[in-house]
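Trainee: Here you go, sequence then predicted model.
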Amino acid sequence: MRSRVPKAVATALAAAAAFTMPAVARADFPEKPIRFVVPFASGTATDQIARALGQGVAAESGQQVIVDNKPGGNGFIGASEAARAAPDGYTVFITTNTTHAAAQHLYKKLPYDPVKDFAPVTGLGKGGQIMVVNSRSPYASVRDFLAAAKKNPGKLSFGSGSSSSRIAGEMLQQLAAVQILHVPYKSNTFAVTDLLGGQIDMMITDTATGMPHVKSGKLRALGVSTKKRSALAPEVPTIEEAGVPGYDMGYWFAAYAPAGTPATIIGRLNGWLAKAARSPGATTFYANSGVEPFLTSPEELAQFQAEESKKWEEIVRKAGIEKE
């Protein structure tokens, strides 16, 4: 059952989604390339979906789409830059729940406001994560890994380069009653690099980032984070099936513009992204990454974001994570 958002919160979000600046979109928009700011490194799932959709938006708008990766700071660097950009439609922030639902519950102070500083455009996709270890690791299953973690509290490590990846690891510790050392990274791709090199023992990453290494034989998949198995690897059990009752952790992508972007421009961006999601490049991304299309109106995204923020606040609280 979907949670209800208090009327005051919904009203505030609706105001944010209404793009209060009374500017009117130019009839000839766009006249120059559109920039997609991505708060994570090249090769991440967010980068992949931005590039796939960017091709479709370029075809629809008649202008080039430039993907500008701004990794680091748990997404803060990219989010801050997108929030400060001119509200003219030429900057679109392609992001995830990391910056827009989880971060405010993990950190005491953000350099941006995930509601007031952005105008929602549309949801883009929803996906699950996969628990992976190095293929040379002695752990062949989730149970193997957890048994070793219980015997050696705090000795095994997990890496994360996003809030979804981090909370997935924290939730595993909580539900399985184990202690695993958390090693933070600027991006999941950097964590995967260290996992491949043997510097960390495990990570739970998005399927778009982890699955190619599983298919190449460099990583071993132990479990998937969602309630149902992934179509990309139906032989891999869910983490819940593998012995951790109640485990369920997914993530989502969405597009935002700087606050004050005219509603007419928001409407054009929304329409272009919806059409781009049906383009060959995007359908290939969705099929190969295990991400499901998730397209919304700006108002629906504002409501969804509010509900997700409440959910992530509860997850962080139950995990006992102190704000940094």
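Mentor: Yep, it's here.

Trainee: where's the residue lying closest to residue 298 once chain neighbours are set aside, which helix or strand?
Mentor: Sequence neighbours aside, residue 120 is the residue nearest to residue 298 in space, at 4.5 Å (criterion: C-beta to C-beta, 6 or more residues apart in numbering). To be clear about C-beta, it is placed using only N, CA and C from the backbone, and glycine gets the same treatment. Assigned by DSSP states H and E, residue 120 belongs to strand 118-134.

Trainee: One more: residue 255?
Mentor: If you go by DSSP H and E, residue 255 is part of strand 250-258.

Trainee: helices or strands next to that strand in the packing?
Mentor: helix 45-61, helix 76-84, strand 91-96, strand 118-134, helix 263-276, helix 298-319 (3 or more C-beta pairs under 8 Å, 6 or more residues apart in numbering; DSSP states H and E).

Trainee: before we move on, the earlier item: neighbouring strands - and their directions - for the strand holding residue 120?
Mentor: Here strand 118-134 has these sheet partners by DSSP bridges: strand 202-206 (antiparallel), strand 219-224 (antiparallel), strand 250-258 (antiparallel), strand 292-293 (antiparallel).

Trainee: which residues does residue 248 contact?
Mentor: Taking C-beta atoms under 8 Å, 6 or more residues apart in numbering as the contact definition, residue 248 lies against 225, 226, 227, 240.

Trainee: hmm, try it at 7 Å
Mentor: 226, 227, 240 (C-beta atoms under 7 Å, 6 or more residues apart in numbering).

Trainee: Please apply the same query to residue 45.
Mentor: For residue 45, the contacting residues are 127, 206, 208, 209, 289, 291, by C-beta under 7 Å, 6+ apart.

Trainee: Pick out the most distant pair among the residues you listed.
Mentor: Farthest pair in the contacts of residue 45 (C-beta to C-beta) is 209 and 291. Separation: 11.3 Å.

Trainee: roughly how far is stretch 211-225 from the heart of the chain?
Mentor: Here the centre of stretch 211-225 is set off from its chain's centre by 19 Å, with C-alpha atoms, centre = their mean, to the nearest Å.

Trainee: mind listing what's buried in it?
Mentor: By neighbour count on 16 or more other C-beta atoms under 10 Å, the buried set for stretch 211-225 is 211, 213, 214, 219, 220, 221, 222, 223, 224, 225.

Trainee: Many thanks, have a good one.
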